[in-house]
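J.: Provided below for reference: sequence and predicted model.
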Amino acid sequence: MVFADIQNLLNWKYMYFSPYNPDGGPFEGQGHGGSDWDNYMTSLHMPAEFWNEVAANEMTYNAISGDDRPGTFRDRDVAYVPIEVVANTAAIEALAADMTQLPTLIQTENVLYYDHESGNYYRWDGTNFDRAGQSFVDDVKKDKAYIDMPNEWHRTFLNPRTISIGVRVSF
């Protein structure tokens with residue numbers, strides 16, 4: 001007799017959260033959880049009502065509102081497109097005037113800059129900042145390309161689909 005044992009047939013993905021476990025979890029960095037956890041959480045576009053519960057003096061960064069929750073993820077085949085939030089257009093103009101202000105890590109063509117005051121997105125084309133094309137912005141938002149996933153993809157999700165095949169022989 002041949003049989004198969006299938007676990008997680010529909011391949012549902014549940015993100016493994018262990019940011020404070022130094023011995024495991026998908027998040028890397030200094031100390032317990034480190035910067036990888038912070039980068040993931042700050043890249044999420046949380047609902048506006050979430051931010052309404054946070055006092056203005058407790059806000060540590062400008063956030064983009066959306067429908068993400070902890071556990072929302074970017075598919076592995078979707079390229080990462082970071083979104084850098086700036087307070088206003090003057091901050092973008094200051095970046096354009098002195099490109100040494102940009103962190104070396106993010107000086108790529110696929111970075112979006114979000115003007116928190118106006119809600120507009122900008123891209124650096126190598127010489128100046130221009131408004132980003134709406135179709136590009138829509139694709140980034142639809143694909144969740146802005147989510148900074150944990151560095152250890154192989155440990156990000158628990159309970160992967162598993163198929164075990166066996167043979168029973170009776171005499």
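T.: Arrived safely, thanks for sending. Predicted model only: the values in this text are computed from it and were never measured. Residues are numbered from 1 along each chain as shown.

J.: what's near enough to touch Met59?
T.: Trp51 (C-beta atoms under 8 Å, 6 or more residues apart in numbering). Where C-beta positions appear, they are placed from N, C-alpha and C, glycine not excepted.

J.: find the centremost residue of the chain, please.
T.: Ile147 (1.5 Å; C-alpha atoms, centre = their mean).

J.: ok, and the closest non-adjacent residue to that one?
T.: Nearest non-adjacent residue to Ile147, counting by C-beta to C-beta, 6 or more residues apart in numbering: Arg74, 4.1 Å away.

J.: so after the helix or strand of the chain with the lowest mean pLDDT, what's the next helix or strand?
T.: Across the helices and strands of the chain, mean confidence by mean pLDDT, DSSP states H and E is lowest for helix 89-97: a mean of 70. Sequence order places strand 112-115 as the next helix or strand after helix 89-97, per DSSP states H and E.

J.: partner strands of that following strand, with direction?
T.: strand 83-86 (parallel), strand 121-124 (antiparallel) (DSSP bridges).
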